[in-house]
Structures are given as structure tokens and as C-alpha cells.
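Asker: Sequence and predicted structure are below.
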Amino acid sequence: MSRRWLFADQLGPHFLDDRGQPVLLIESKAVFRRRVYHRQKAHLILSALRHRAAELDDQAVFVRAETYGQALKKVREPLEVCHPTSRAALAFVRGLDRVTVLPARGYVTSLEDFADWADGRRGALRMEAFYRFAREHHGVLLDGSDPVGGRWSYDTENREPPPKDGKLDVPAPPMPQEDDIDAQVRADLDQWEREGIRFAGRDGPRRFPATAEEATARLRHFLRHRLAAFGPYEDAMLATDPWLAHSMLSAAFNLGLLDPMAAVRGAEQAYRTQGAPLASVEGFIRQVMGWRDYAWHTYWYFEPTWRTSNGLAARRSLPGWWNDLDADAVDAHCLHDVLGGVRDRAWVHHIPRLMVLGNYALQRGWRPAELVEWFRTRFVDGYEWVMTGNVVGLSQYADLGRTTTKPYVSGGAYINRMSDYCGGCRYDPRHHLGEKACPFTAGYWAFLATNRTRIPANARMARTMKQLTRLTDLDAVVAQEKQRGSDPP
Ligand SMILES: Cc1cc2nc3c(=O)[nH]c(=O)nc-3n(C[C@H](O)[C@H](O)[C@H](O)COP(=O)(O)OP(=O)(O)OC[C@H]3O[C@@H](n4cnc5c(N)ncnc54)[C@H](O)[C@@H]3O)c2cc1C
Ligand code: SF4
């Protein structure tokens with residue numbers, strides 16, 4: 001049996017065919033020299049890799065080296081590897097004579113099945129259509145050939161604002177217990193910092209699973225105790241509760257610790273046997289086999305230049321306070337809290353990413369390519385494949401609607417409705433001009449005014465563009481936001 005080379009995002013049992021299969025694991029230090037990663041992300045990757053090496057013991061050759069090239073010189077045997085997750089890594093392994101590249105694992109739908117589906121379609125490849133195909137193809141949440149409950153999506157039922165008393169009544173997710181491996185990782189990272197390797201953010205306890213066992217425990221707890229509240233509060237934000245009812249499983253999926261299909265089947269079973277609410281179950285399944293797989297497939301299916309799109313001609317560089325995660329420089333309560341969450345945990349949930357961070361970057365005209373790099377390195381779950389769809393497409397509209405029907409841009413009214421941030425803020429979401437002008441509300445109008453000729457005309461934008469023409473003080477708002485520029489609001 002060939003030795004299976006497992007990259008650091010292929011660490012779960014589903015990346016091996018046989019329990020006794022010989023394995024190669026490589027820890028490359030150069031990876032951490034090339035980019036400024038969040039310290040907790042670096043910790044998680046190293047911890048997961050070293051835990052896997054410890055689990056496999058004699059079954060694995062574990063090489064710690066400066067580069068992959070140097071590590072590979074220490075292993076002479078033929079190797080096989082599952083399709084890596086970035087274009088650069090795929091080109092690298094394909095260029096090695098003694099390495100056989102196997103099909104990808106760790107996603108619900110295969111690359112071939114996606115390509116067959118996509119090749120046969122005319123027009124835009126929307127997530128909703130792919131999700132329906134994937135449900136049918138894998139027989140998930142179906143009654144015969146119909147969707148359970150009669151609808152493919154319960155999205156409209158999953159948009160509740162946060163509870164008025166500021167508390168969501170669900171048990172907190174179980175946190176991993178750090179062990180000797182984590183202690184050694186922390187000591188090594190301290191040493192690397194002394195040697196000059198730079199990290200962003202604050203160190204903190206490891207909050208995300210580093211082993212398949214920890215990931216499975218978090219999934220089980222989520223399905224039993226948190227899934228029911230996941231749906232309704234999926235889009236809500238609370239200053240005192242960053243997790244709400246989210247699963248906090250993305251890092252575990254992306255490290256390859258947890259098979260997404262196990263999570264999908266587990267959620268379906270929670271509906272069929274434990275009475276979990278359909279809207280929550282469908283919402284979670286849509287995230288995992290819909291959005292996550294869609295991000296993966298579109299990364300490979302669309303040409304590589306997709307990730308360098310900049311259709312709105314956004315030219316400003318990311319400011320230093322943003323790069324440094326300097327939340328204390330920011331007064332705007334929502335952005336202060338969310339940026340602080342990235343600094344302290346290397347994770348915030350989907351809506352703070354999309355409607356606070358991404359929204360702000362879009363309004364300010366920051367370069368999508370720099371933002372891609374920022375999200376990739378500052379988040380525990382950030383990887384190149386997940387960036388193009390989420391940052392370039394969904395959040396920054398840099399591809400002018402290849403995967404979305406309109407830009408995800410909004411003013412403070414949305415944040416006010418979906419969070420408890422605005423009450424404690426020096427700005428007012430209803431104001432777009434003057435001292436109290438909310439930077440999101442003012443930024444929203446300024447963004448639309450600046451980009452109205454670049455955003456393709458479409459029915460979903462028509463009402464907004466009409467409102468824009470009715471704003472009598474638009475020039476003053478644009479001038480005000482030009483002056484605010486990229487300074488911390
Ligand atoms: C600007 C931006 C950047 C993002 N960057 C990342 C990233 O680096 N890595 C990442 O995994 N996700 C990313 N996402 C998607 C999503 O925000 C995270 O997957 C989610 O917040 C992770 O928290 P969770 O595990 O509690 O997710 P839950 O809310 O519990 O959702 C369940 C699972 O669905 C999957 N999922 C949901 N939405 C998406 C999506 N849009 N794309 C891919 N998977 C999805 C994740 O695996 C997640 O664990 C990004 C979204 C935006 C808007
Ligand atoms: S008023 Fe504006 S800046 Fe302040 S919290 Fe609300 S949306 Fe954010």
C-alpha cells in the first residue's frame with residue numbers, strides 16, 4: 001500500500017482508506033514566514049497536525065522542515081495524496097514524479113459531479129440551483145423526489161433579530177481542553193516570534209477542535225443542544241455573545257477533521273428522529289452542503305483570474321488599524337466589537353463577516369485582493385479556496401454579480417435591526433450627515449453614488465437607486481465620507 005501524504009487540511013479519518021495505511025505528515029515553517037497569520041490560527045494548524053502525528057504514532061512519518069521540498073527529500077517511497085485545496089499546491093504535487101494525485105475528499109459533492117451539473121446549464125451558476133441539485137443527487141431531506149416540507153429553502157424563516165433581553169438560551173459549545181501538545185505549540189510559536197516571524201491578533205486558549213474526536217464531540221453537542229436555535233438566530237448579532245447558536249465547526253471541516261456529509265446526515269437525523277425544527281435543520285444543511293461546497297467548486301470551476309476581479313475599481317489599500325486588528329482605534333460600536341472579536345478569537349460568525357467587515361471594506365473601496373489575504377490569514381477557518389466565492393464574489397461584488405444578484409451593502413439600519421450594537425454607539429444609524437452620521441449609513445449612500453455607473457442595472461437594485469436620486473444632500477454625504485476615508489470610524 002502506498003504511503004498517503006496528508007496535507008495539514010486533510011487530517012481526519014476519511015482521508016485514509018485503511019486504518020493501518022502508512023502516512024506522511026509535513027510541518028513546514030516557511031509557510032508561517034510567508035504570511036502574517038493570526039496567532040490562534042497558527043496554533044490551531046500546528047496543534048491539529050501534531051495531534052494527528054501523535055495519534056498515528058508509528059504509522060506516520062512526521063517531518064518538520066523549513067519547506068515541503070526539503071521534507072520530501074527525507075522520504076524516498078512513492079506517495080499518493082488527495083487532491084490539495086489550492087491551485088499552487090495542486091501544481092506542486094502534480095509536478096512531482098513519484099506522487100499520485102487522488103480525487104478530492106472533504107466535500108459533499110465531487111468535482112466531476114459539479115462540472116457535469118455546471119456544464120449542462122445556461123446562465124449564471126447560482127448557489128440555490130446547485131444546492132437543489134446536491135440535495136437530489138445525495139438524497140438529503142427528501143420525501144420521495146420532493147423536498148421535505150414542500151420547500152427547498154426556509155431562509156425567510158431564519159432571519160430573526162436577536163432576543164430583546166440580549167441572551168440566547170442555549171448551552172455554550174464545549175471548549176477543547178489544551179494538553180501538552182498545545183503547550184509545546186505555544187512555546188514554539190513564542191520562540192518563532194523571537195526569531196522574527198510575525199503573527200497578528202492575540203494569543204488565547206484554543207477554542208476550536210484539533211482532533212477528529214474533539215470535532216465530533218462539538219458536532220454532537222451542536223445537533224443536540226444548539227441546532228434548534230441555529231435557524232432563527234442565524235443572522236443575529238449580540239455584543240455579549242459572539243457564538244449565538246452557530247456550530248463553530250468551519251475550522252474543523254476545513255482542517256479535514258470532520259466529514260461534512262456526517263454533519264449533514266446528523267442534522268437530517270435530528271429532524272427525522274428527534275423533532276429538530278425543519279427550518280433550522282434545512283438552514284444548517286444549506287450552509288454545509290450548499291454554501292460550503294459551492295465555494296469549493298466555484299474556486300476550481302471558474303478560471304483562476306476570478307480571484308483577481310476588481311469590477312468596482314476599488315483602489316485603496318487596507319489601513320494599518322485594520323491590518324493590525326486594532327479595535328481600540330475604532331469608536332463605531334459594531335465595528336469595534338467585531339474587529340475585537342477577530343483580534344481575540346480569530347473568528348466571528350457569518351453576518352459580522354459579511355455585513356460589518358465586508359460591508360465596511362466595500363463601502364470604503366478597499367482592494368479586494370488585499371481583503372482576500374486579510375480574511376485568509378486572520379480567521380481560523382480561512383483558506384484560499386473559500387475566499388474567492390465569499391470575499392471576491394459575495395462580499396465585495398468584485399466580479400459584478402457572477403455569483404450574486406446584487407452587492408451585499410447596507411446602511412446602519414440593517415445592523416440596528418439585527419444586533420444590539422447601535423444603542424451603545426456614539427453614532428446614530430438614522431443619520432447620514434453631520435456629527436452623529438453613522439459611518440455605515442453615510443458610507444452606504446456614498447458607495448452607491450460613487451459606483452452607480454459600475455453596478456450593472458438590475459431589478460433588485462432599482463428601488464435603491466431610485467432612493468439615491470431623491471437624496472437632496474448626496475453631494476455633502478459623498479464629501480463627508482471622502483474625508484472620513486479609511487480612517488478608523
Ligand atoms: C467575507 C466572508 C469571509 C468568509 N471566510 C470564510 C473562511 O475563511 N472559511 C470558512 O469556512 N468560511 C468563511 N465564510 C463563511 C462563513 O462565514 C463561515 O463558514 C462561518 O461563519 C463559520 O462559522 P460556523 O462554523 O459557526 O458556521 P455555521 O454558521 O454554524 O454554518 C455551518 C457551516 O456551514 C459552512 N458555511 C456556511 N456558510 C458558508 C460559506 N459562505 N462558505 C463556506 N462555508 C460556509 C461552514 O463550514 C460552517 O461551519 C466567510 C464568509 C464571508 C461573508
Ligand atoms: S450606529 Fe452605525 S456605527 Fe454605530 S453601531 Fe450602529 S451601525 Fe454601527
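Answerer: Here it is on my side, so go on. Residues are numbered from 1 along each chain as shown. Ligands and ions are numbered 1, 2, ... in the order given.
Asker: nearest residue to D473 other than its sequence neighbours?
Answerer: Closest residue to D473 apart from its sequence neighbours, by C-beta to C-beta, 6 or more residues apart in numbering: L433 at 5.6 Å. Heads up, the C-betas are built off the backbone N, CA and C, glycines and all.
Asker: Kindly report the residues of this structure close to ligand 2.
Answerer: Within the chain, the positions near ligand 2 by C-beta under 6 Å from any ligand atom are 332-334, 412, 415-416, 421-422, 425, 427-429, 438-440.
Asker: ok, those residues vs R378, which is closest?
Answerer: Nearest to R378 among those: C334, at 17.6 Å, using C-beta to C-beta.
Asker: Show me which positions of the lowest-mean-pLDDT helix or strand in the chain end up buried.
Answerer: Ranked by mean pLDDT, DSSP states H and E, the weakest helix or strand in the chain is helix 459-469, scoring a mean of 88. If you call a residue buried by 16 or more other C-beta atoms under 10 Å, then helix 459-469 has these buried ones: 461, 464.
Asker: ends of stretch 424-434, how far apart?
Answerer: Length of stretch 424-434, first residue to last, C-alpha to C-alpha, to the nearest Å: 18 Å.
Asker: So for it, what gets flagged as buried?
Answerer: 425, 427-429, 432-433.
Asker: do the same with stretch 318-334
Answerer: Buried, per 16+ other C-beta under 10 Å, within stretch 318-334: 318-319, 321-323, 325, 327, 329-330, 332-334.
Asker: how about the residues you listed in a markdown table, adding secondary structure and pLDDT?
Answerer: Listed next are these as a markdown table, based on DSSP: H, G, I helix; E, B strand; the rest coil; pLDDT from 0 to 100:
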| residue | secondary structure | pLDDT |
| --- | --- | --- |
| L318 | coil | 98 |
| P319 | coil | 98 |
| W321 | helix | 98 |
| W322 | helix | 98 |
| N323 | helix | 98 |
| L325 | coil | 98 |
| A327 | helix | 98 |
| A329 | helix | 98 |
| V330 | coil | 98 |
| A332 | coil | 98 |
| H333 | helix | 98 |
| C334 | helix | 98 |
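Asker: returning to that earlier point: which other helices and strands contact the least confident helix or strand of the chain?
Answerer: Packed against helix 459-469, as judged by 3 or more C-beta pairs under 8 Å, 6 or more residues apart in numbering; DSSP states H and E, are the following elements: helix 439-451.
Asker: can you list contacts of the helix it packs on?
Answerer: Helix 439-451 is contacted by residues 312, 332, 334-335, 359-360, 362-365, 409-413, 415, 427, 429-433, 455, 464-465, 468, 471, 474, 477-478, 480-482, 484, 489 when judged by C-beta atoms under 8 Å, 6 or more residues apart in numbering.
Asker: Tell me where the stretch 351-489 of the chain has helices.
Answerer: Using DSSP state H, counting those that start in this stretch, the helices of the stretch 351-489 of the chain run over 359-364, 368-378, 384-387, 412-418, 439-451, 459-469, 474-484.
Asker: Run through who's touching the second one.
Answerer: To tie it back to what came earlier, the one meant is helix 368-378. So helix 368-378 is contacted by 35-38, 41, 200-201, 307-310, 314, 317-318, 322-323, 325, 342, 346, 353, 358, 361, 382-384, 387-388, 390-392, 395-396, 398 (C-beta under 8 Å, 6+ apart).
Asker: Check the offset of that helix from the chain's centre.
Answerer: Chain-centre distance of helix 368-378: 11 Å, with C-alpha atoms, centre = their mean, to the nearest Å.
Asker: Now do that helix, average pLDDT.
Answerer: In this model, helix 368-378 carries a mean pLDDT of 97.
Asker: One more: the first one?
Answerer: With pLDDT averaged residue by residue, helix 359-364 scores 98.
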